[in-house]
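Colleague: Quick check, what structure comes out for this input:
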Amino acid sequence: MGLHANPPVWLKRLLIVLPFILVVVVYLWASDARLAENPADKILPSLSQMGDAIQRMAFAPDRRTGEYLLWQDTLASLTRIVIGVGSALLVAILLGLNMGLFIGFRSVLLAFITMVAMVPPLAILPILFIAFGVDEFGKVALIFIGTFPVMTRDIYLAVIKIPREQLVKSLTMGASSMALAYRIILPQVLPRAIDSLRLSLGAAWLFLIASEAIAATEGLGYRIFLMRRYLAMDVIIPYVAWITLLGFTLDFLLSLLNRKVFSWYTESKK
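Modeller: Residues are numbered from 1 along each chain as shown. Take a look at the predicted model:
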């Protein structure tokens, strides 16, 4: 197949699903082999065992609390991650935009933001829990600190790539500094900010699960590490698959938002 070959639609779709099919086939083969040797094996549960676990976690109320645990955990985790990355994006847009346009902001903040971006967020997790407690604020703070410096630098780089001639013409025609920043430049960097958010979601999920594993009473990460004590892989594997699906869905929705609202941006990338 040459560099410029364009395979038919059916072949494209087959190539997309082929890796997933291979993973499922390998898993089913390994699971069947282990269960044939030891029916009580918990490491690679069968599809029926995972189906029973999903039924128990998602569609049957918990005997102790009466809650549907999967949906309770999902709501708790999504609330934390939306607040964390949402606030990080707002701060990143504000700082990145002003750092890219105004030398004073850049001189004060660029070195500091660069240094903060180098700090491993998981290394300061104990500090956050000591300073802010183990409640919701500490978990959201970890997601915020782990994502906003990278997004800030990305937006800053997008701003400084805007042709200087455009800035000069805007000011020459009477635009104020605030109008230049928020009415002319901001709409141009918003789609890049959404792309930056998409790239940061993977790290945000990592920070969320780490914080929930250490100190939480509900959440997807909390449930996975709780089930680990009992080697309940029939629960852990569906939870991991559910987190993956949630992450993919969020990424798809953000990509769709860019295509619908900023079609000029997505067209320019083709």
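Colleague: Which secondary structure element of this protein has the lowest mean pLDDT?
Modeller: Least confident helix or strand, the chain: helix 263-268 with a mean of 75, by mean pLDDT, DSSP states H and E.
Colleague: Which of the helices or strands spans the closest residue in space to Pro149 that isn't next to it in sequence?
Modeller: Nearest non-adjacent residue to Pro149, counting by C-beta to C-beta, 6 or more residues apart in numbering: Ala117, 3.6 Å away. Just so you know, the C-beta spots here come from the backbone N, C-alpha and C atoms, and that holds for glycine as well. Assigned by DSSP states H and E, Ala117 belongs to helix 103-118.
Colleague: can you give me how far that helix is from the chain middle?
Modeller: Mean C-alpha position of helix 103-118 versus that of the full chain (C-alpha atoms, centre = their mean, to the nearest Å) differs by 24 Å.
Colleague: could you dump it to PDB, C-alpha only?
Modeller: C-alpha atoms of helix 103-118 as PDB (Å, rounded to 0.1, in the frame of the first residue of the first chain):
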ATOM      1  CA  ILE A 103       5.300  41.400  27.900                       C
ATOM      2  CA  GLY A 104       4.700  42.300  31.600                       C
ATOM      3  CA  PHE A 105       2.500  39.200  32.100                       C
ATOM      4  CA  ARG A 106       5.100  37.100  30.300                       C
ATOM      5  CA  SER A 107       8.000  38.400  32.300                       C
ATOM      6  CA  VAL A 108       6.200  37.700  35.600                       C
ATOM      7  CA  LEU A 109       4.500  34.300  34.900                       C
ATOM      8  CA  LEU A 110       6.300  32.400  32.100                       C
ATOM      9  CA  ALA A 111       9.200  31.100  34.100                       C
ATOM     10  CA  PHE A 112       6.900  30.300  37.100                       C
ATOM     11  CA  ILE A 113       4.400  28.400  34.900                       C
ATOM     12  CA  THR A 114       7.200  26.500  33.300                       C
ATOM     13  CA  MET A 115       8.600  25.500  36.700                       C
ATOM     14  CA  VAL A 116       5.100  24.400  37.900                       C
ATOM     15  CA  ALA A 117       4.700  22.300  34.800                       C
ATOM     16  CA  MET A 118       7.800  20.400  35.700                       C
END
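Colleague: Surely the residue nearest to Pro149 touches Val150?
Modeller: Yes. Contact criterion C-beta atoms under 8 Å: Ala117 and Val150 qualify, at 5.8 Å.
Colleague: next one: phi and psi at Met173?
Modeller: phi -80, psi 10 (degrees, to the nearest 10).
Colleague: And Ala131, how close does it get to Ile113?
Modeller: Going from Ala131 to Ile113 by C-beta to C-beta, to the nearest Å gives 20 Å.
Colleague: More neighbours: these two, which one.
Modeller: Ranked by neighbour count (other C-beta atoms under 10 Å), Ala131 and Ile113 place Ile113 first, with 20 against 11.
Colleague: Please spell out which residues along the longest helix anywhere in the chain are buried.
Modeller: Taking DSSP state H as the criterion, the chain has its longest helix at helix 69-101. Buried positions in helix 69-101, judged by neighbour count with 16 or more other C-beta atoms under 10 Å: 69-70, 72-74, 76-77, 80-81, 83-85, 87-89, 91-101.
Colleague: Centre of the chain to that helix, how far?
Modeller: For helix 69-101 - counting by C-alpha atoms, centre = their mean - the centre lies 9 Å from the chain centre.
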